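S.K.: Build the 3D model from these lines:
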Amino acid sequence: ATSLLIACKHEELYPPEVRDFVYICADAYRPAQILAMELDILRFLRFEMRSPLSIEFLHIYCRMFRQNEVARAVAEFLLEMSLLEDEAREYFPSVLAAGAFDIASRVCNLASWDGAMEKALDITVAEAVRCGARLNLAVSNRQQISTCQRKYAPLLENVVDVFHFPFVYNGVFNA
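M.R.: Residues are numbered from 1 along each chain as shown. Down below sits the predicted model:
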């Protein structure tokens with residue numbers, strides 16, 4: 001009940017009251033006990049409650065699949081650029097990271113999202129490619145130069161032109 005209370009407080013605009021959880025538990029716990037357990041759980045978590053970010057998923061993927069630093073930097077650039085794109089909001093952070101990973105792999109001529117990655121992470125090749133293609137299209141067609149592009153230009157100058165990012169999904173993307 002306490003975990004549900006914490007989740008409701010984190011997610012709901014108007015969370016249920018503690019007395020509602022006492023009722024759900026058939027009066028097995030008093031309100032003070034539920035609140036004490038809430039404090040114990042939050043202390044254990046060091047009050048660190050937030051949604052995971054796409055950059056965190058990307059770092060996990062890069063470690064799992066031994067992506068090199070250059071490809072990782074390209075993917076990080078793409079994720080930062082995704083913050084400027086409305087289309088990126090329709091994807092879960094894990095899928096957005098998979099899309100950026102796929103684009104970076106293609107730009108750097110490395111293995112792109114494949115069946116092994118799909119099996120390990122439960123993100124299909126189709127999901128990663130669809131997200132990657134939409135992100136790639138948005139970044140490729142970007143007209144206005146951003147601070148993000150200026151930031152990554154020196155770092156990626158020998159790899160990719162961040163001001164004229166190539167579209168790497170020719171023949172793959174169907175809007």
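S.K.: Can you list the neighbours in contact with stretch 82-101?
M.R.: Applying CB atoms under 8 Å, 6 or more residues apart in numbering, the contact partners of stretch 82-101 are 51-58, 61-62, 65, 67, 75-76, 78-79, 113, 117, 121, 123, 127-135, 138-139, 142, 146, 148. C-betas here are computed from N, CA, C, even on glycine.
S.K.: Identify each of the helices in the protein and give its residue range.
M.R.: For the chain, helices defined by DSSP state H occupy the ranges 2-11, 18-24, 31-44, 54-64, 69-82, 93-107, 115-121, 125-140, 147-156.
S.K.: got the angle for the fifth one vs helix 93-107?
M.R.: Inter-element angle recorded for helix 69-82 and helix 93-107: 130 degrees (by axes from the mean of the first three to the mean of the last three CA atoms, to 10 degrees).
S.K.: how far out from the middle of the chain is helix 69-82?
M.R.: 12 Å (CA atoms, centre = their mean, to the nearest Å).
S.K.: Alpha carbons of that helix, in PDB - could you do that?
M.R.: Presented in PDB, the C-alpha positions along helix 69-82 are these (Å, rounded to 0.1, in the frame of the first residue of the first chain):
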ATOM      1  CA  GLU A  69      33.400   6.900 -28.100                       C
ATOM      2  CA  VAL A  70      32.900   8.500 -31.500                       C
ATOM      3  CA  ALA A  71      29.600   6.800 -32.100                       C
ATOM      4  CA  ARG A  72      28.600   7.500 -28.600                       C
ATOM      5  CA  ALA A  73      29.300  11.200 -29.100                       C
ATOM      6  CA  VAL A  74      27.200  11.200 -32.300                       C
ATOM      7  CA  ALA A  75      24.300   9.500 -30.500                       C
ATOM      8  CA  GLU A  76      24.600  12.000 -27.600                       C
ATOM      9  CA  PHE A  77      24.500  14.900 -30.100                       C
ATOM     10  CA  LEU A  78      21.300  13.400 -31.600                       C
ATOM     11  CA  LEU A  79      19.700  13.000 -28.200                       C
ATOM     12  CA  GLU A  80      20.500  16.600 -27.400                       C
ATOM     13  CA  MET A  81      19.000  17.700 -30.700                       C
ATOM     14  CA  SER A  82      15.900  15.600 -30.000                       C
END
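S.K.: which residues touch residue 71?
M.R.: Taking CB under 8 Å, 6+ apart as the test, what residue 71 contacts is 62, 104, 105, 107, 108, 110.
S.K.: can you put these in a markdown table and add neighbour count, pLDDT and distance to residue 152?
M.R.: Below are the contacts of residue 71 laid out as a markdown table (neighbours: other CB atoms under 10 Å; pLDDT from 0 to 100; distance: CB to CB, whole Å):
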| residue | neighbour count | pLDDT | distance to residue 152 |
| --- | --- | --- | --- |
| 62 | 19 | 89 | 16 |
| 104 | 29 | 89 | 12 |
| 105 | 24 | 88 | 17 |
| 107 | 22 | 83 | 12 |
| 108 | 18 | 84 | 14 |
| 110 | 15 | 81 | 18 |
